[in-house]
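J.: The sequence isn't on hand, but the structure is:
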């Protein structure tokens, strides 16, 4: 007997007539995977071969990557520190292969150099080491020890000949940071009047004395350092600037004014 028309209920998947057969979905997916996966057979077999080879291939590859450093590139602005000094420090650290370079240790060795503020190291394949040096910026000499940076940190150096153009700050080491801050405040205040600091000293009694680059000394005393310099600036603008070349010393240890020592007075004393 013939089978009647096949009904399809709206929204239902296609109905297969009774007695008909069709491939299941899992079988079709498996066939597609086998067909499309042929292109991966070669790479998979190659990978398996490499894994099977093990150290026979790994060791030569590692040896090629860990070749000796062929070039060291040094970057930086060198004013106080020579490039040759950096190259010497690096040569003492480059005994291992390229991959075995201990960048942290090399960085530490470079930054132990007093004139090096920071060092940055990077590998550049296949065999180049790039080094960037940021040099210390000395702001003032610190006694006979070395110099202070902008933050008041004491940097000790053996050779201070390159620092002779800088102002001299002298005091106790624990006060170095505070003294640098005070120096910068005073230097800015005086700079506006064409005056610059040659030396700034604080003795054991915390008494301050400032010598300008033209040789005039300002005796400040132990307290209200900034306030006294501000008072001096007003007196300088009103009265002292016109006769500044005749002045040897200005004593600021007074509440209501300043005491001026004139060069002529010293000359008269010396001739008597």
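T.: That came in fine, so what should we check first? All values derive from a computational prediction rather than experimental measurement.
J.: tell me which strands and helices whichever helix in the chain runs longest is in contact with?
T.: Using DSSP state H to assign secondary structure, the helix with the most residues in the chain is helix 176-191. Packing partners of helix 176-191 (3 or more CB pairs under 8 Å, 6 or more residues apart in numbering; DSSP states H and E): strand 140-142, strand 146-148, strand 168-170, strand 197-202, helix 225-235. Yep, even glycine has a C-beta here, placed from its N, CA and C like the rest.
J.: of all the ones you listed, which gets the most neighbours per residue?
T.: strand 140-142 (a mean of 24; mean count of other CB atoms under 10 Å).
J.: Can you tell me which helices and strands that strand packs against?
T.: Looks like strand 140-142 contacts strand 146-148, strand 168-170, helix 176-191 (3+ CB pairs under 8 Å, 6+ apart).
J.: one step back: which of the helices and strands packed on helix 176-191 sits closest to residue 161?
T.: strand 140-142 (11.2 Å; CB to CB).
J.: who does the closest one pair up with?
T.: Strand 140-142 sits in its sheet next to strand 146-148 (antiparallel), strand 168-170 (parallel), going by DSSP bridges.
J.: Quick one: closest of those strands to residue 158.
T.: Closest among the strands paired with strand 140-142, using CB to CB: strand 146-148, at 8.5 Å.
J.: how distant is the next helix or strand after the closest one from the center of its chain?
T.: Using DSSP states H and E, the helix or strand that directly follows strand 146-148 along the chain is strand 154-156. On the basis of CA atoms, centre = their mean, to the nearest Å, strand 154-156 sits 17 Å off its chain's mean C-alpha point.
J.: hmm, who's touching strand 154-156?
T.: Residues from elsewhere that reach strand 154-156 (CB atoms under 8 Å, 6 or more residues apart in numbering): 114-115, 136, 138, 142, 145-149, 173, 176.
J.: in its sheet, what does that strand sit against?
T.: strand 146-148 (antiparallel).
J.: what's the spacing between residue 131 and residue 76?
T.: Here residue 131 is placed at a distance of 8 Å from residue 76 (CB to CB, to the nearest Å).
J.: Can you point out the buried residues in the longest helix of the chain?
T.: Neighbour-count burial for helix 176-191 flags 176, 179-180, 182-183, 186-187, 190 (criterion: 16 or more other CB atoms under 10 Å).
J.: Tabulate those residues (TSV), appending pLDDT.
T.: Formatted as TSV, those follow (pLDDT from 0 to 100):
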residue	pLDDT
176	97
179	96
180	97
182	96
183	97
186	97
187	97
190	97
